[in-house]
Structure formats: structure tokens, C-alpha cells
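> Predicted model and sequence below, questions to follow.
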Amino acid sequence: MIIKIESEAEMRDFGVKLGALLNGGELIELVGDIGAGKTTLARGIAVGFGVDEDIQSPSFTINRLYEARDNLMMAHYDFYRLSQAGVMSDELYETINIPSNVTIIEWGQIVGGILPNDRLTISIDPISESSRCLSLEAHGKKSGQLKAKL
């Protein structure tokens, strides 16, 4: 599925729509270069998922956890600054296996070996300064159902 996004606000709105569909147990992998809009999309997902906190890029802290609606949690990981996941792969493995968590991963290729088969991958490609092309790929039943609702 290909979606064209024309502005930062539209990227956030798409994230809100996606976040509202989440029920826990989903993993969303965001792929794109620096400045592509991964964190903007994550902020929108958080709003739709019921997170009341301001979403900060976890580039320097690697991960952040947020309380969401219905006693669910959102875990946001960014592995950009790591060449190896090390002990973080153990933490990530535990996090993605908690059914009440939604996990968002940026720069996930570093931990690709432990990512579950069932995940929604969103690749973000810049078209211009403000527009982006999103390519959504579902890898499994749950992510396929999520993608179909979008």
C-alpha cells in the first residue's frame, strides 16, 4: 500500500488514525533516512493511541515508555546511535512480548534478528521538502488486518 503525504500535519494525522486502531501487541517498524518524518509519525501514533505526554525522539536515550489508554503502554525505540543492540535486544525482546504494549521502532535493522514476523513496516521516502511517500508492508496476520483498516 502506498500513501502520499503532503505535509507534516498530514503525516501526524495519518499517525493519529493508525494509533486509534491499535489494541496492544502490535509492532510498527519505521524506516527512513534522518529527517524523513519517523518521529513525526510516531507522535501522531501516540496521540491516536491515547498518550498524553509529549513524544520526544529517543535517539539519545534509545527508548522511551509512555502510558496510553486502557492501561496499555507505548514503547518507542530508536537504534540510530548503536552499531549493535547488545543488552538492548534483551529488553526489546521482553517489551515486544508483552501483549499490552505497542512497540514503535526506528532504525530497526540493528535488531532485525529479534523482530517478530508479524509487524507493520512503514517506509518513508521524501518526495520534496514537505511531501513524503509512505509504503506500508504487513508481515503477518495482525499487521495485515491493521493495514487493511487504513
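Cool, got the structure.
> any chance you could map the helices in the chain?
Ranges of helices in the chain, per DSSP state H, are 8-20, 38-49, 87-96, 141-149.
> Out of those helices, indicate the one that is most buried.
helix 38-49 (a mean of 24; mean count of other Cβ atoms under 10 Å). (Glycine included, C-beta is placed from N, CA and C.)
> Next, the angle from that one to helix 8-20.
50 degrees (axes from the mean of the first three to the mean of the last three Cα atoms, to 10 degrees).
> Tell me which other helices or strands helix 38-49 touches.
helix 8-20, strand 27-31, strand 73-78, strand 101-106, strand 119-126 (3 or more Cβ pairs under 8 Å, 6 or more residues apart in numbering; DSSP states H and E).
> What angle do strand 101-106 and the first one make with each other?
Read it as helix 8-20. 150 degrees.
> and helix 8-20, how far out from the chain's middle?
Remark: helix 8-20 is offset 12 Å from the chain centroid, using Cα atoms, centre = their mean, to the nearest Å.
> re the thing from before, redo the helices and strands packed on helix 38-49 as CSV? Include distance to residue 44 and mean pLDDT.
Putting these into CSV (distance: least, Cβ to Cβ, whole Å; pLDDT from 0 to 100) gives the following:
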stretch, distance to residue 44, mean pLDDT
helix 8-20, 2, 97
strand 27-31, 11, 95
strand 73-78, 12, 92
strand 101-106, 11, 94
strand 119-126, 11, 97
